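K.L.:
predicted coordinates and the sequence they were generated for:
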Amino acid sequence: MSDSPVRGIRTVLHPVSDLAKARAVYAALLGEAPQTDSSHYVGFEVGGQHIGLVPDGGPQGMTSPVAYWHVPDIEAKLADLTAAGATVRQAAHDVGAGRLVATVTDPDGNVLGLIQDR
């Protein structure tokens, strides 16, 4: 196993079918407007957590919410997870501003997300 400790879940992405309706519901729930608001992503920052709304599950094809674990070394953590029996669903890739993301599935098919900020 690598020496790269997990920094916790700080990001949860939710697939939504109607971004405008979802934006209104999450703004009401969280009590504030989104910090990121575009036609392909709406993001809220609340209490150290990032809650993202992704229209139609985005390019990763999400069908349910995905929790993203923040890690210091995404490639090392992917190696640890695959050695332990996880399957890479989406390899590490840059999504902008130096942020790398990846997803794996556990043996039961649950999706786990990873994020590394550079």
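P.N.:
Looks like it arrived, so ask away.
K.L.:
burial measure for His45, as a count.
P.N.:
Not His; residue 45 is Glu. For Glu45, the neighbour count with other CB atoms under 10 Å is 14. (C-beta placed from N, C-alpha, C; glycine too.)
K.L.:
tell me the contacts of it?
P.N.:
Gln35 (CB atoms under 8 Å, 6 or more residues apart in numbering).
K.L.:
and it, how far from His14?
P.N.:
Here Glu45 is placed at a distance of 15 Å from His14 (CB to CB, to the nearest Å).
K.L.:
mind listing what's buried along stretch 68-75?
P.N.:
Neighbour counts using 16 or more other CB atoms under 10 Å place Tyr68, Trp69, His70, Val71, Asp73, Ile74, Glu75 of stretch 68-75 among the buried residues.
K.L.:
likewise stretch 12-29?
P.N.:
Applying 16+ other CB under 10 Å to stretch 12-29 flags Leu13, His14, Pro15, Val16, Leu19, Ala22, Arg23, Tyr26 as buried.
K.L.:
for this structure, which helix is longest?
P.N.:
helix 19-30 (DSSP state H).
K.L.:
what packs against whichever helix or strand comes after that one?
P.N.:
Downstream of helix 19-30, the next assigned helix or strand under DSSP states H and E is strand 36-37. If you count contacts as 3 or more CB pairs under 8 Å, 6 or more residues apart in numbering; DSSP states H and E, strand 36-37 packs onto strand 42-46.
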